[in-house]
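**Q** Okay, structure incoming, though there's no sequence with it:
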């Protein structure tokens, strides 16, 4: 499709590394948010509320 | 959190559209009369380098917010931006090397521009390490803010290194007092890609800030769960 000649390895290498790093950042934030949300839900399910005391105390 | 929850889906669509247009323009840009096809590396290298510096500037502004006003969001912003800045700096270094080999005949040279960008990369790693080394969020925030402000001296050094010292790197081609020294057929894809990269940065930064806020909330709850029960009993 594209003919970058002798320089193709440098051009495709640059775009490949860029795509990998940017996708890595996207996965990092998406997975990070999911994990933290899951942890928070687990804690809340155990009765630990955000108001400074456990739910059982209410 | 609620506002960012509404902004993120819209911003994601805009980022995807800008990248689609930018990559199309980058693929169809004419070869440069001197560099040939390798000029296409510029469309990912230059935005990465700009973002590497912009991200550090945002960290330095957040550091002022953290030190002067003790604003917790400034702390969160600073911590969330560091890995993203490190990633963009890494990209600037790697794509610069891959552009340098066919253009200058070398992957690397210890000149002012390249060395100062490498120092920027180490500064990002230092900030990340500092955050991980200190458990207390507020102490870690203060230490990181001081390091961030001291390290900010590197940003003007990066910018003006090509004017101050003899280097293989070309001087500024776009941010000049007169007109840009690049033909519009190459300047347009570059600017579209730069906008795409910048919007992606803001999207990632927003998401990373949300992750950090959730992490702090979870840490607080876990600490609360391990405290003696009596401490949380309501007053009679």
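**A** Structure received. Since the model is a prediction, treat every value here as computed from it, not as a measurement.

**Q** what about residue 25, how many neighbours?
**A** Going with chain A. As a burial measure, residue A:25 scores 20 neighbours (other CB atoms under 10 Å in any protein chain shown). In short, each C-beta sits where N, CA and C put it, glycine included.

**Q** my bad, chain B
**A** Residue B:25: 18 neighbours (other CB under 10 Å).

**Q** which secondary structure element contains it?
**A** Residue B:25 belongs to helix B:2-28 when assigned by DSSP states H and E.

**Q** do that helix and chain A meet at all?
**A** Yes - using CB under 8 Å from any CB of the partner chain, helix B:2-28 reaches chain A at residue B:27.

**Q** residue contacts, the nearest residue to residue B:82 once chain neighbours are set aside?
**A** In this structure, residue B:82 finds its nearest non-sequential neighbour in residue B:127, 4.6 Å apart by CB to CB, 6 or more residues apart in numbering or on different chains. Contact partners of residue B:127, counting by CB atoms under 8 Å, 6 or more residues apart in numbering or on different chains, are B:59, B:78, B:82, B:144, B:147-148, B:151.

**Q** which SS state does residue B:127 fall under?
**A** helix (DSSP: H, G, I helix; E, B strand; the rest coil).

**Q** What pLDDT is listed against it?
**A** pLDDT for residue B:127: 96.

**Q** Kindly report the same for the one 4 residues further on.
**A** Predicted confidence (pLDDT) at residue B:131: the value is 92.

**Q** Can you give me the buried ones in the helix holding residue B:25?
**A** Neighbour-count burial for helix B:2-28, counted by 16 or more other CB atoms under 10 Å in any protein chain shown, picks out B:8, B:11, B:15, B:18-19, B:22-23, B:25-26.

**Q** CSV for those residues, including pLDDT?
**A** Putting these into CSV (pLDDT from 0 to 100) gives the following:
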residue, pLDDT
B:8, 91
B:11, 94
B:15, 96
B:18, 96
B:19, 96
B:22, 96
B:23, 95
B:25, 94
B:26, 92
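
**Q** I'd like the residues you listed laid out as CSV, including distance to residue B:86.
**A** Listed next are those as CSV, based on distance: CB to CB, whole Å:
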residue, distance to residue B:86
B:8, 22
B:11, 22
B:15, 20
B:18, 23
B:19, 21
B:22, 23
B:23, 24
B:25, 28
B:26, 24
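
**Q** Between the residues you listed, which sits nearest residue B:202?
**A** Closest to residue B:202 out of the buried residues of helix B:2-28 is residue B:11 (6.9 Å), distances taken as CB to CB.

**Q** how far out from the middle of the chain is stretch B:151-166?
**A** 17 Å (CA atoms, centre = their mean, to the nearest Å).

**Q** tell me the mean pLDDT over stretch B:226-236?
**A** Rounded mean pLDDT across stretch B:226-236 is 56.

**Q** ok, residue 44 - how many residues close by?
**A** Let's take chain A. 14.

**Q** switch to chain B, that's the one I care about
**A** 28.

**Q** pretty sure it contacts residue B:96?
**A** No - counting by CB atoms under 8 Å, residue B:44 does not reach residue B:96; the two are 10.2 Å apart.

**Q** Just give the nearest non-adjacent residue to residue B:123, would you?
**A** The shortest distance from residue B:123 to any non-neighbouring residue, by CB to CB, 6+ apart, is to residue B:151 (4.3 Å).

**Q** Give me the neighbour count for the closest residue to residue B:21 other than its chain neighbours.
**A** Leaving aside its sequence neighbours, residue B:21 sits nearest to residue B:192 (CB to CB, 6+ apart; 5.6 Å). The tally of other residues near residue B:192 (other CB under 10 Å) stands at 21.

**Q** Could you check how far residue B:192 is from residue B:126?
**A** Separation of residue B:192 from residue B:126 (CB to CB, to the nearest Å) stands at 33 Å.

**Q** need the strands for chain A, in chain order.
**A** Using DSSP state E, no strands are found in chain A.

**Q** Could you list the buried residues of stretch B:36-48?
**A** Residues B:37-48 are the ones in stretch B:36-48 that count as buried (16+ other CB under 10 Å).

**Q** filter these by proximity to chain A?
**A** B:37-38, B:40-41, B:44-45, B:48.
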